[in-house]
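Chemist: no letters, just coordinates:
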């Protein structure tokens, strides 16, 4: 078969002809011959679709050299486009250090523990999520470390086995209506997983928390952090803050009503003109007062944004106030503190220390009694059983996004 080879270090493209029964080493030798450099043979890494050929088998056996497998068995077909690069000594050393056996145990546990200890960030995560694993690494206890690695691999194998059994049942009778529904759902989950992987690769920032827009302000001489919300029809504040800044006596109770949005709240009245100060300038502001206590003392709504010709400039990260010709920088996350729109548990509350990132195995996590039921229900709504969801949440330390990725990816 004829293969096209793209060389990564000099952008050369060559063609080689090899047999489907040839080994990966034979292919490397043919490529080196076409490149007129036989010395390159031992350092070449051949990739198909971005994945290095032979690396999985090499890790499972602990070998550091190329795997003696035929090109046909590696999934290479006539006309394929492959890329070839050089393998650095450090990369080979890292692959050897991270190599694991089929049962999940490390081929070089001492080297792997040494690599873990060298990463302060990883050790911090381990101490939080899996105290047993962190303790084994710090004590250089090879037996305890290998036992944890074995447990991780067994958990991952059980998940794969359960999914394989489910797929076998679905395909047993192709004319069964329920089986077809399950196959359709499996295809849908696969599409969702593909969509998730694309998003994680192309737009990873969407998985982080967005910092809301706050600015420093003063109302009747009382400093506050005002939340800028162009989706709010009115500028509002809580009755407790109105009392705090001395405006409760100016509330006109004739302007009562209901505020509707995410939920409803009772409007107890309105302050028709409150002295508000932005960027050193006084801007007269009408404020609607809500009866219930709010996590945010003050929301600067669309009515005042329009009144003072404000412009939210996200490129420069400022609020431009056209009526007074001034601009006000948005506050950073450290200045705002915890944002009320994100009801997330603190790391200490999310799960006790029972999780650990480990190569080729999902980390352990909290017991089912400590799993967040809201996360369980949301993942079950995607078509998974409760047992599968709890298992996935346990394997990812309670992280809902990673649990969803694990469920969809098997």
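Modeler: Cool, the structure landed. Just so it is clear, the model here is predicted, and its values are computed rather than measured.
Chemist: pull out the buried residues from the helix or strand hosting residue 394.
Modeler: Assigned by DSSP states H and E, residue 394 falls within helix 386-395. By 16 or more other C-beta atoms under 10 Å, the buried positions in helix 386-395 come out as 388-395. From N, CA and C alone the C-beta is placed, and that goes for glycine too.
Chemist: same for it, what does it pack against?
Modeler: helix 142-172, helix 373-380, helix 400-409 (3 or more C-beta pairs under 8 Å, 6 or more residues apart in numbering; DSSP states H and E).
Chemist: of these, which shows the lowest average pLDDT?
Modeler: Note on these: lowest mean pLDDT is at helix 400-409, with a mean of 68.
Chemist: hang on, the earlier thing: of the helices and strands packed on helix 386-395, which is nearest residue 2?
Modeler: helix 400-409 (34.1 Å; C-beta to C-beta).
Chemist: dump the residue contacts of residue 34.
Modeler: Residue 34 is in contact with 5, 14-16, counting by C-beta atoms under 8 Å, 6 or more residues apart in numbering.
Chemist: narrow those residues to those that are buried.
Modeler: So, by 16+ other C-beta under 10 Å, the buried ones in those are 5, 14, 16.
Chemist: all helices for the stretch 201-350 of the chain, in order.
Modeler: Counting by DSSP state H, counting those that start in this stretch, one finds helices in the stretch 201-350 of the chain at the ranges 239-244, 302-307, 333-336, 347-350.
Chemist: mind listing what's buried in the third one?
Modeler: Think helix 333-336. By neighbour count with 16+ other C-beta under 10 Å, helix 333-336 contains no buried residues.
Chemist: out of the contacts of residue 34, who's nearest residue 316?
Modeler: Nearest to residue 316 among the contacts of residue 34 is residue 5, at 48.2 Å by C-beta to C-beta.
Chemist: looking at the contacts of residue 34, which are in strands?
Modeler: 5, 14-16 (DSSP state E).
Chemist: buried residues in stretch 117-135, which are they?
Modeler: Neighbour-count burial for stretch 117-135 [16+ other C-beta under 10 Å]: 122-123, 125-130, 132-135.
Chemist: just these now: which is nearest residue 145?
Modeler: Nearest member of these to residue 145, counting by C-beta to C-beta, is residue 133, at 7.2 Å.
Chemist: tell me which element that closest one is part of?
Modeler: helix 131-139.
Chemist: what average pLDDT does that helix get?
Modeler: On average, helix 131-139 scores 86.
Chemist: same deal with stretch 32-48?
Modeler: On average, stretch 32-48 scores 70.
Chemist: gap between the two ends of that stretch?
Modeler: 17 Å (C-alpha to C-alpha, to the nearest Å).
Chemist: begin at 47 from now on, thanks
Modeler: Fine by me, first position is 47 from now on; the one you just mentioned is stretch 78-94.
Chemist: of the helices and strands packed on helix 432-441, which stretch is the most buried?
Modeler: helix 446-455 (a mean of 19; mean count of other C-beta atoms under 10 Å).
Chemist: dump the buried residues of helix 432-441 to CSV, plus pLDDT.
Modeler: Below are the buried residues of helix 432-441 laid out as CSV (pLDDT from 0 to 100):
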residue, pLDDT
434, 79
435, 80
436, 83
437, 78
438, 77
439, 79
440, 76
441, 71
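Chemist: could you report the neighbour count for residue 157?
Modeler: Residue 157: 16 surrounding residues under other C-beta atoms under 10 Å.
Chemist: residue 320 and residue 266 touch, don't they?
Modeler: Yes - look at residue 320 against residue 266 with C-beta atoms under 8 Å: they come within range, at 6.3 Å.
Chemist: tell me how far the residue nearest to the spatial centre of the chain lies from residue 235.
Modeler: The chain has residue 253 as the residue nearest its centroid, 5.2 Å off, counting by C-alpha atoms, centre = their mean. Distance from residue 253 to residue 235, counting by C-beta to C-beta, to the nearest Å: 19 Å.
Chemist: just residue 244 next, same as before
Modeler: On the measure of C-beta to C-beta, residue 244 and residue 235 end up 15 Å apart.
Chemist: again, but for residue 359
Modeler: From residue 359 to residue 235 the distance is 41 Å (C-beta to C-beta).
Chemist: so which of these two has more stuff around it?
Modeler: Under the criterion of other C-beta under 10 Å, the comparison of residue 359 against residue 235 puts residue 235 first, with 18 against 12.
Chemist: which helix or strand contains that one?
Modeler: helix 223-248.
Chemist: that helix to helix 188-218, inter-axis angle?
Modeler: 130 degrees (axes from the mean of the first three to the mean of the last three C-alpha atoms, to 10 degrees).
Chemist: could you pull out the buried residues of helix 223-248?
Modeler: 228, 232, 235, 238-239, 242.
Chemist: compile the helices and strands packed on helix 432-441 into CSV and extend it with columns for distance to residue 124.
Modeler: Below are those laid out as CSV (distance: least, C-beta to C-beta, whole Å):
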stretch, distance to residue 124
helix 188-218, 30
helix 419-426, 43
helix 446-455, 30
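Chemist: of those helices, which is nearest residue 332?
Modeler: Closest among the helices and strands packed on helix 432-441, using C-beta to C-beta: helix 419-426, at 38.0 Å.
Chemist: run through who's touching that closest one.
Modeler: Against helix 419-426 from outside (C-beta under 8 Å, 6+ apart): 432, 435-436, 438-439, 444, 446, 449-450, 453.
Chemist: that one relative to helix 432-441, how many degrees between them?
Modeler: Using the same axes, to 10 degrees: helix 419-426 against helix 432-441 is 120 degrees.
Chemist: to residue 374, which of the helices and strands packed on helix 432-441 lies closest?
Modeler: Comparing the helices and strands packed on helix 432-441 by C-beta to C-beta, helix 446-455 comes nearest, at 34.0 Å.
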